[in-house]
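Novice: Structure here, sequence nowhere to be found:
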DNA sequence: CGAAGCATTGACAGTTGTCAAAGATAGTGG
DNA sequence: CCACTATCTTTGACAACTGTCAATGCTTCG
């Protein structure tokens, strides 16, 4: 049994026959602000699909058939260079939107990382629905702006931060999005992707990622169970120690 | 007289008393698809402002009073880290939109690079106008998606490309946006920003940028007049030579 | 139990950053 | 109009961080 399989069809959705009112992503998805009228319109063009880990959701350069809200699970978005170098341009979590209604073709791949439950809307219908429901379009625009903010933030990470800071930033991102709270600043979570993928996300090599994680472990900033499960005793300390070039252990 | 002052109030706008129909950015701005009804609504909340080179247009962490279309000139968007490291997260050109109607506060600085003419819309009015004119909101959404694509593209540049490829990519970007056409693949243009700013855009140091430019000059991939004006005889060759790690001159 | 894939660690190399100095360029004021 | 100064750019020498190559260890799965 995989530790990462946190994304099975949520019980609440199964029991309720996939009613929006019980959807785990209800508060953060594109339908967050919808009134009952808008919700009915969305339900008409909606369907659910489950994706297995590593399964392709959307392929770059191919037609987009749907946009989809993530109900549960983690998705990675990847861009590939002609010579094979790859950059993960984002991870997407519960509530995030995959695909876009305005484009015929996808410009990057989207793959399930964990098991993923997706609430899909047929693309063209969704697009024309936006014109009739300005609130939904506004919500769509807000979510896109939020994606843009994330991308800008990541430009700083890739352009300015050291390897150590990059890894620390990555762990904090996960702590925010999928971490369990163990007190004010303590979090624990599974790293949903391989070291290889972390490297492609951070613009580093797999070896550098591995070394940085080992260093953080050695200095007590994080604890590991297996290679995937992380416990961060103090998020702030993790970021600080990575910014200042702290050497040696935590204790004087 | 500065070579860079390509952004004075365009004659067409002055003579026409700033009519939208004569606006140089008419085809690419947020008003691109507007009918006369929408255009009138926009004109009511519109005003023009000229910014001098280096002048601040929008300040991070401060209230946004307007969104603005660039009529002419170049704008840089900057994010600052607590310790002073900076990342230029984008350059904006004629037709691009600055600011966003959905946010109270700016999350990055916007500064004029050349002289800039901006067509401003008061933020709140613009925002409420979007609800009444879905076409305008759709256009706003499309432009935001396009910004997102650019940001994703730049993530690949920062995360995967070598110093040389980064500089080549940067020059090609300028060639696309502000280059004069001198035949199929030949372009010439002014680099609107300093080496320092180029470095902050590419996640490099000023010295590395300078060296890469010198190398390109030495191998005949570019020609320089002064430090700012560039002539690229062959855009494709510039990118190729940077991808393959070509050494030495152009001739065998 | 063996094989395959993933992760860690080590030794070394190379690209890029840092520090330093000299050369250009542009703007200012006499 | 020219000299002066501040800023920007280039170039060099060297250091350091990160990448490359290689070997070992760990985990999973058949």
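Specialist: Yep, that arrived. In this text the structure is predicted, and so the values were computed from the model without any measurement.

Novice: any bit of the strand or helix carrying residue A:174 sitting next to chain B?
Specialist: Applying DSSP states H and E as the criterion places residue A:174 in helix A:163-178. No. Under the criterion of C-beta under 8 Å from any C-beta of the partner chain, chain B is not reached by helix A:163-178; the shortest gap measures 9.6 Å. C-beta here means a position set from N, CA and C on the backbone, and glycine is covered the same way.

Novice: Ok, stretch A:106-122 next?
Specialist: Yes. Between stretch A:106-122 and chain B, judged by C-beta under 8 Å from any C-beta, the touching residues are A:107, A:108.

Novice: give me the residue from the stretch 51-200 of chain A nearest chain B.
Specialist: Per C-beta to the nearest C-beta, residue A:159 is where the stretch 51-200 of chain A lies closest to chain B, at 3.2 Å.

Novice: pretty sure residue A:121 contacts residue A:45?
Specialist: Yes. Because the distance of 5.0 Å satisfies C-beta atoms under 8 Å, residue A:121 is recorded as touching residue A:45.

Novice: hmm, the helix holding residue A:174 touching DNA strand D?
Specialist: Yes. Judged by C-beta under 7 Å from any atom of the strand, helix A:163-178 comes into contact with DNA strand D at A:163, A:164.

Novice: Tell me, what's the model's pLDDT at the residue of the stretch 1-150 of chain A found nearest DNA strand C?
Specialist: Closest residue of the stretch 1-150 of chain A to DNA strand C, C-beta to the nearest atom of the strand: residue A:54 (8.8 Å). Looking at residue A:54, its pLDDT is 93.

Novice: A strand includes it, no?
Specialist: No. The assignment for residue A:54 by DSSP: H, G, I helix; E, B strand; the rest coil gives coil, which leaves it out of any strand.

Novice: Show me which positions of stretch A:111-130 end up buried.
Specialist: Neighbour-count burial for stretch A:111-130, counted by 16 or more other C-beta atoms under 10 Å in any protein chain shown, picks out A:111-123, A:125-127, A:129-130.

Novice: And the contacts of stretch A:58-70?
Specialist: Contact with stretch A:58-70 is made by A:25, A:29-31, A:49, A:57, A:78-80, A:92-101, A:103-110, A:116-123, A:126, as judged by C-beta atoms under 8 Å, 6 or more residues apart in numbering or on different chains.

Novice: In helices, which of the residues you listed fall?
Specialist: Using DSSP state H, the subset of those located in helices is A:123, A:126.

Novice: Out of the contacts of stretch A:58-70, list just those in strands.
Specialist: Using DSSP state E, the members of these that fall in strands are A:49, A:57, A:78-80, A:92, A:97-98, A:109-110, A:116-122.

Novice: Hmm, the residue of the stretch 51-200 of chain A closest to chain B is touching residue B:199, no?
Specialist: No. Using C-beta under 8 Å, residue A:159 is not in contact with residue B:199, being 9.8 Å away.

Novice: Looking only at neighbour counts, state which of these two leads.
Specialist: Neighbour count, other C-beta atoms under 10 Å in any protein chain shown: between residue A:159 and residue B:199, residue A:159 has more, with 26 against 22.

Novice: ok so, going back, and the nearest residue to the residue of the stretch 51-200 of chain A closest to chain B once chain neighbours are set aside, what does it touch?
Specialist: Ranked by C-beta to C-beta, 6 or more residues apart in numbering or on different chains and with sequence neighbours excluded, the top spatial neighbour of residue A:159 is residue B:203, at 3.2 Å. Counting by C-beta under 8 Å, 6+ apart, residue B:203 touches A:158, A:159, A:160, B:87, B:158, B:166.

Novice: Buried only: go through the contacts of stretch A:58-70 for me.
Specialist: The buried subset of the contacts of stretch A:58-70 - by 16+ other C-beta under 10 Å - is A:25, A:29-31, A:57, A:78-79, A:92-101, A:103, A:106-110, A:116-123, A:126.

Novice: what bridges to the spatially most central residue of chain A?
Specialist: By C-alpha atoms, centre = their mean, the mean C-alpha position of chain A lies nearest to residue A:92, the distance being 2.3 Å. The bridge-partner assignment for residue A:92, based on DSSP bridges, gives residue A:75.

Novice: Assess the claim that it and residue A:74 are in contact.
Specialist: Yes. Using C-beta under 8 Å, residue A:92 is in contact with residue A:74, at 7.1 Å.
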